[in-house]
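K.L.:
Coordinates only, no sequence provided:
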Ligand SMILES: Cc1cc2nc3c(=O)[nH]c(=O)nc-3n(C[C@H](O)[C@H](O)[C@H](O)COP(=O)(O)OP(=O)(O)OC[C@H]3O[C@@H](n4cnc5c(N)ncnc54)[C@H](O)[C@@H]3O)c2cc1C
């Protein structure tokens, strides 16, 4: 009774989209989650989710689209604001904000309608069963006592805590870290607030580089609209030693009060986000991971909901093939790594470069680029293909940049680092035995000092 093809730890977006892909293919799947059933989906989040993420997963697997009530607001634009508000960059961005619990429940209920998918809620993970260098199942506590669950594959979709990976024996963690270093984790805090009057941020998501956050840069404060009188406001920054002891809640409060005077707080919570390149490998014998547990959050903006949905669905689709072939070894699951690095390695390279740039040139250096219109609204519009956009001319940009040769140097290094990581991401090794050489190269680039 306790034997499955796949056990998924975590019923968040990564776990559910994987379970759906597996369930539709008739694979016997069990989702275990520490939460009670009616709380699965609830998650501290900024709530922004791009429709292309759920539309693509729907195309790949049939996972239902959000119901109207799951979407809080259809967003039209993102606004990037630095210390100089009149040089803010407005980017057309058709996205959404969602009610995480409501959407999570929609997905969970649709998944549990599939005959081959079961759920074990309120599950307390005690141990990951490993035999002969292969993950074979879990031991845990349920309301009926201790259980042993066996499977061909265990998927870690438990979010930032990555509870399965963290319990693997050290000997299995040679291609991925058992625990992600603190310096690569963001602490993030958000409040959902209701304003007395209709607010002025409707249809928008605002990313604000507030000068009061200078000490904790790279980081940002956000205001995301959730309807005419509701907003999600919050901020995040790295858990670096110099940021220890900072009061994130107070920082959020102080900034929020600059923008809003009459509001009530409906919910306030914080959580961690991995912000780095994807895990160097996301598979082992009988093991696969996706979403936050695989470090698939965009390190630049903390966007992880869409990547969790997509990576979970892809993990499911790769697992279906591997199970059909009867090979769920590291080698049998390896192509999933190639997919992940081709997608997220390439995207995260941009963020990793920008983080290094801000570390070197600080908030001021970044603000300088916007303030002096070296990166201007017209540049953004040109990039987005607007025919009548007139980007700032290169002679003008060069003249401005001459004032700050260090910024030019750091920008060049940023570009080079991004290009090198992207090249390696696109050339992820074809087989596990080619991994070590690739890994040495990527680590060398990551350790580059600006
Ligand atoms: C403050 C904040 C703001 C954010 N804003 C945005 C945003 O605006 N847009 C965006 O795209 N992303 C945002 N993110 C990131 C986004 O929330 C995550 O990337 C996304 O939820 C990851 O999905 P997941 O399925 O990997 O993990 P999760 O959503 O964390 O789901 C993990 C599941 O595993 C379960 N679980 C955990 N531990 C155990 C255990 N021991 N045993 C069993 N089950 C367990 C949990 O109960 C949960 O159901 C934000 C994150 C934070 C913290």
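P.N.:
On my side now, so go ahead. Computed from a predicted structure; not experimentally measured.
K.L.:
If you count neighbours, what's buried in stretch 90-107?
P.N.:
90, 95-100, 102-107 (16 or more other Cβ atoms under 10 Å). C-beta: built from backbone N, CA, C; applies to glycine.
K.L.:
Could you list which of those residues also contact the ligand?
P.N.:
Here nothing survives when those are matched to the ligand using Cβ under 6 Å from any ligand atom.
K.L.:
of all the residues you listed, which two lie farthest apart?
P.N.:
Spatially, the most separated pair among those is 90 and 105, at 34.2 Å (Cβ to Cβ).
K.L.:
residues in contact with the helix or strand hosting residue 436?
P.N.:
Using DSSP states H and E, the element containing residue 436 is helix 435-446. With Cβ atoms under 8 Å, 6 or more residues apart in numbering as the test, helix 435-446 has contacts from 175, 277, 280-281, 352, 417, 420-421, 424, 427-429.
K.L.:
Derive a PyMOL selection command for the buried subset of these.
P.N.:
A single PyMOL command selects the buried members of the contacts of helix 435-446 (16+ other Cβ under 10 Å):
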select buried, resi 175+277+280+281+352+417+420+421+424+428+429
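K.L.:
Closest one to the ligand out of the contacts of helix 435-446, please.
P.N.:
The ligand lies nearest to residue 277 out of the contacts of helix 435-446, by Cβ to the nearest ligand atom, at 15.4 Å.
K.L.:
and that closest one, what are its phi and psi?
P.N.:
Dihedral angles of residue 277 (phi, psi; degrees, to the nearest 10) stand at phi -70, psi 160.
K.L.:
Residue 142 now?
P.N.:
phi -120, psi -180.
K.L.:
my read: it touches residue 126, true?
P.N.:
No. When contacts are counted by Cβ atoms under 8 Å, residue 142 is not listed as touching residue 126 (10.7 Å).
K.L.:
Helices of the stretch 51-200 of the chain, start to end?
P.N.:
Using DSSP state H, counting those that start in this stretch, the helices of the stretch 51-200 of the chain run over 51-61, 100-112.
K.L.:
what do you get for the stretch 201-350 of the chain?
P.N.:
All helices of the stretch 201-350 of the chain, identified by DSSP H, counting those that start in this stretch, fall at 248-259, 305-325, 330-340, 346-371.
K.L.:
what's the average pLDDT for the shortest one?
P.N.:
Regarding helix 330-340, the rounded mean pLDDT is 98.
K.L.:
Give the burial count for residue 172, as a bare number.
P.N.:
When neighbours are defined as other Cβ atoms under 10 Å, residue 172 has 19 of them.
K.L.:
In contact with residue 297: list those residues for me.
P.N.:
Here residue 297 is in contact with 273-275, 303-304, 307 (Cβ under 8 Å, 6+ apart).
K.L.:
Could you do residue 105 as well?
P.N.:
If a contact means Cβ under 8 Å, 6+ apart, then residue 105 has 38, 40-41 as its contacts.
K.L.:
got the residues of the stretch 201-350 of the chain near the ligand?
P.N.:
234, 271, 273, 291-293, 297, 302-306, 308.
K.L.:
okay if I get these as JSON lines plus pLDDT?
P.N.:
Listed next are those as JSON lines, based on pLDDT from 0 to 100:
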{"residue": "234", "pLDDT": "98"}
{"residue": "271", "pLDDT": "98"}
{"residue": "273", "pLDDT": "97"}
{"residue": "291", "pLDDT": "98"}
{"residue": "292", "pLDDT": "98"}
{"residue": "293", "pLDDT": "98"}
{"residue": "297", "pLDDT": "98"}
{"residue": "302", "pLDDT": "95"}
{"residue": "303", "pLDDT": "96"}
{"residue": "304", "pLDDT": "98"}
{"residue": "305", "pLDDT": "98"}
{"residue": "306", "pLDDT": "98"}
{"residue": "308", "pLDDT": "98"}
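K.L.:
Give the buried residues for stretch 365-385.
P.N.:
Of all the residues in stretch 365-385, those buried under the rule 16+ other Cβ under 10 Å are 365-382.
K.L.:
Kindly identify which of the contacts of residue 105 also come near the ligand.
P.N.:
Within the contacts of residue 105, those near the ligand by Cβ under 6 Å from any ligand atom are residue 40.
K.L.:
In TSV: the contacts of residue 105, plus neighbour count and pLDDT.
P.N.:
Shown next, in TSV, are these (neighbours: other Cβ atoms under 10 Å; pLDDT from 0 to 100):
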residue	neighbour count	pLDDT
38	11	98
40	24	98
41	24	98
